[in-house]
Structures are given as C-alpha cells and as structure tokens.
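1. Quick one: sequence and predicted model below, then my questions.
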Amino acid sequence: MSAPAPKAPLVAVEAHQVTAGGRAVARTAWLLVNVFSASFRWRHEDPFGVLTGAQAGPAIFALWHNRSALAPVVYRRFIRARWPERRLTAMASASKDGAIAARVMELFGARTVRGSSSRRGPQAMAELIDAARGGFDLAITPDGPRGPRYHVQAGVIALAQYSGLPLVPVSYHLSAKKVLRSWDGYQVPLPFGRCEVAFGEPLAVPRRLEETAREELRAELERRLAAITRD
C-alpha cells in the first residue's frame, strides 16, 4: 500500500564538505572528463524513444555506479541538447569522496543532494523529492554507494513512488578505459575511444504499491539495466 513520503529528521545529519584539496581534485577531474569526452566517437541506442519525445518531462535517470564518471556529459549531450530548459539534481554520498563527486557535478551545472542508505538517507530522499516537485530531473546510481555491483537497491523504487517520476535506465560502453580494483570496477574513461550510450525502457512506478510489487519493480529495473550494460 502507499506510505507517506519520508521526512527529514528534526536533527540534521551533516555531509562531509569538500576541502580546498578536494576542490582542486574535482576541478582536475572535471577538466579531464571534458577533454577526454571531446575526443570520443559517440554513438547511442534509443529503441524506446527516450530522446524523441517519449520522455520529454522530468525523469529519474538510473546509471550504474561504475559509470558515473560520464553521467553529467551524457546528460548534457543527450538530454540538455534536446531540452535546454531541463535541469538535473544528482545524488552523491555523504562521505569525503562524495564531497568531491558532488563538486564535479556542480562544475557541470547540476545541483546535488548528499546522502546514502547508510548516512543521511531520509534527508536525502526528502530533498530529492522536493527537487522532483520543482521540475528537476534526478540522477541516481542504484547500486551505490557500496554495492553489490549491478544490484539495484530498493530505495530507488521508493524514490520513484514518492516523486511520481518514471525511471529511465542508462548505460554506456567504453572502448578505451581503465577499470579500477574497487567494489564496483569503476570505469575511468581514456581518450580517443568510442562511447556507446544506451537508453533502456522507462519504468513507471505507481503511487500505491505493495511490498511484493516493490520487489518485482526493483528486479525489473535491475533486469532493464542489465539488458543495456556491456562490459
């Protein structure tokens, strides 16, 4: 059944703030992503018409954690290029690394919300819902921030339920990359390769939802993301 949207607790849990050194790292990352992505040969697949008007309104874009490096570039190239008025709010963890990631997103012109399932989760959920009500697109890594890799967490389904926005699976394949030895196998793009972006079938989540249906939708989003993911 439907449940009321979560509210932030009265005592706010603070996220780590970016340091001066973190700002320098973020700007370097932002610069490299811009330079490298300018050298790519871009291709895309959109069999469900996400870019041709089927999803012209706000949505939650779901992208695996190990592909978050190019998330703002993909949004700029494929969404903002078609609908310049659209704006993005992205979620980053409340950790020190999340502070750097948030700063990178802000350099790309996105707003950020800080939080995860383990820290500041209810506050982040409430802030994301507020952003959705303000007309923003949302960007989520549904297997982050700790995994397991390629396993969709239930929170993204709750976010879609409370916000009323459809979930749009997004993935990409890089022909030139370095894969880090992290839990997610984080993919660092290298220049002069191909970037093949795939948009999956959007998933609508009803407002009224039983627990069994929530799990079915979670598994379905995982399936749709897996279908467009190629390592």
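-> Perfect, thanks for sending it. Just so we're clear, the structure is a prediction, and the values are computed from it rather than from any experiment.
2. how about the strands in the chain?
-> The residue ranges that make up the strands of the chain, judged by DSSP state E, are 41-45, 60-63, 88-92, 111-114, 137-140, 167-174, 177-179, 187-189, 194-199.
3. could you check the angle strand 167-174 makes with the first one?
-> Our comparison of strand 41-45 with strand 167-174, counting by axes from the mean of the first three to the mean of the last three Cα atoms, to 10 degrees, yields an angle of 140 degrees.
4. what lines up beside strand 41-45 in the sheet?
-> According to DSSP bridges, strand 41-45 forms sheet pairs with strand 194-199 (parallel).
5. Buried residues in the partner strand, which are they?
-> By neighbour count with 16 or more other Cβ atoms under 10 Å, strand 194-199 contains the buried residues C195, E196, V197, A198, F199. Bear in mind the C-beta positions are built from the backbone N, C-alpha and C, glycine included.
6. again with stretch 166-183
-> Along stretch 166-183, these residues count as buried under the neighbour rule (16+ other Cβ under 10 Å): P166, L167, V168, P169, V170, S171, Y172, H173, L174, K177.
7. I'd like the distance from that stretch to the chain centre, please.
-> Between the mean C-alpha location of stretch 166-183 and the chain-wide mean there is a distance of 11 Å, by Cα atoms, centre = their mean, to the nearest Å.
8. how long is that stretch from one end to the other?
-> Across its full length, stretch 166-183 reaches 28 Å end to end, with Cα to Cα, to the nearest Å as the criterion.
9. ditto for stretch 76-96
-> Stretch 76-96 has an end-to-end distance of 26 Å (Cα to Cα).
10. State the mean pLDDT of it.
-> For stretch 76-96, the mean per-residue pLDDT is 93.
11. Stretch 214-224 now?
-> 97.
12. Show residues contacting it.
-> Stretch 214-224 has contacts (Cβ atoms under 8 Å, 6 or more residues apart in numbering) with 62, 142, 150-154, 156-158, 161, 167, 169, 200-201, 203, 205, 209.
13. Derive a PyMOL selection command for the buried subset of those residues.
-> Here is the PyMOL command that selects the buried residues among the contacts of stretch 214-224 (16+ other Cβ under 10 Å):
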select buried, resi 62+142+150+152+153+156+157+158+161+167+169+200+201+203+205+209
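14. distance of the closest residue to D46 other than its chain neighbours from G57?
-> Distances taken as Cβ to Cβ, 6 or more residues apart in numbering put F199 closest to D46, at 4.7 Å, once the chain neighbours are dropped. Computed with Cβ to Cβ, to the nearest Å, the distance linking F199 and G57 is 15 Å.
15. hang on, the earlier thing: nearest to Y75, of the buried residues of stretch 166-183?
-> V170 (8.8 Å; Cβ to Cβ).
16. Who are the contact partners of the closest one?
-> Counting by Cβ under 8 Å, 6+ apart, V170 touches F61, A62, L63, V74, V197, A198, F199, G200, I228.
17. OK, contacts around the nearest residue to the last one once chain neighbours are set aside?
-> What that stands for is I228. In space, and not counting its chain neighbours, I228 is closest to A198: 3.9 Å by Cβ to Cβ, 6+ apart. When contacts are counted by Cβ under 8 Å, 6+ apart, A198 is found next to H44, E45, D46, V170, S171, Y172, H173, I228, T229.
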